[in-house]
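Visitor: Please work out how this folds:
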Amino acid sequence: MGNGQRNKFSKTARPPAGAEVISVPLIESDKLINLRLELSSRALLKYFKITMKTIPFLRCLNMKEAIDFYTNILDFKLKYPNASADDWVVDLVNGEAELGLTILEGDQKLGINVYVRVDEVDNLFKKYVSRGLVAPNKPESPVHNGPIDQSWGMREFYVNDPSGNTLRFGKIIDQ
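Guide: As a prediction, the model looks like this:
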C-alpha cells in the first residue's frame, strides 16, 4: 500500500465506529503476542455466543431397569460409555436431546413430565412398540394408547417409564 493509504490491519488503523476491541493472547514460537481484534458488536456477539440447553433429570427407582428402557425402547444412548447401572446419575443422549437419570431422592421427585418435540409421532410410536413399548390400554387416557390430535394443535402420545415419569412426544399438527 503506497501513497499514504493505510492497511486496515496496520498499527495506525482505527476501528470503525461502534466496534468492540479485545486483546487475545497468542503463543507463537515461545513468544506471547497480543493480537488486537477489531470486531463489530454483531461479530463479537456471534464469536462469544452464549448457548443454553435444558437437561431434565428423572428420578428412577431402579437404574438398570431405567437404562434398559431408555436405551432399548426409546433410542437413547449412554452419553459416557463407562456409565453403568451402579452409578447414582447417568446421562443419556438421543441426537440433540439429553436427559439424566438419577436414583438420588434429593435430585428429583418421581412422576415428572417431560415434553419432547419431534418431527413425526406416528412412526415413532410404532417404532417404540416394535421395540417392546407396551401401550397400557388406558381408556381414561387415550394419549397413552397411541398418537392422537389434541385440541391445542398438537399430535401427541405419552410414554410412562418404569418409575412413573412421563415423556410426552408431540408435533404441531400440519394445517
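
Visitor: looking at the chain, which helix or strand is least sure?
Guide: Sorting the helices and strands of the chain by mean pLDDT, DSSP states H and E puts strand 31-40 at the bottom, at a mean of 46.

Visitor: can you pull out the strands in this protein?
Guide: Assigned by DSSP state E, the strands in the chain fall at 19-28, 31-40, 57-59, 77-78, 89-94, 97-102, 113-117, 148-149, 154-160, 166-172.

Visitor: Any idea which of the ones you listed has the lowest pLDDT on average?
Guide: Least confidently modelled of the strands of the chain is strand 31-40, at a mean of 46 by mean pLDDT.

Visitor: For the nearest residue to Pro142 once chain neighbours are set aside, list each beta-bridge partner.
Guide: Ranked by C-beta to C-beta, 6 or more residues apart in numbering and with sequence neighbours excluded, the top spatial neighbour of Pro142 is Ile148, at 5.7 Å. No exception for glycine: its C-beta is placed from N, CA and C like everyone else's. Here Ile148 sits in beta bridges with Glu156, going by DSSP bridges.

Visitor: what number of residues lie near Ile148?
Guide: Residues near Ile148, counting by other C-beta atoms under 10 Å, number 14.

Visitor: just the one 4 residues further on next, same as before
Guide: Neighbour count of Trp152, defined by other C-beta under 10 Å: 9.

Visitor: Could you do Leu110 as well?
Guide: Using other C-beta under 10 Å, Leu110 is surrounded by 13 other residues.

Visitor: Give the closest residue to Ala97 in space, chain neighbours not counted.
Guide: Take Ala97 and drop its neighbours on the chain: the residue closest to it by C-beta to C-beta, 6+ apart is Val116, 6.6 Å away.

Visitor: If you could redo that for Lys138, that was the one I meant.
Guide: Closest residue in space to Lys138, ignoring its immediate chain neighbours: His144 at 4.8 Å, by C-beta to C-beta, 6+ apart.

Visitor: List the beta-bridge partners for the most centrally placed residue in the chain.
Guide: The structure's the chain has its C-alpha centroid closest to Ala97; by C-alpha atoms, centre = their mean the separation is 4.0 Å. Note on Ala97: beta-bridge partners Asn94, judged by DSSP bridges.
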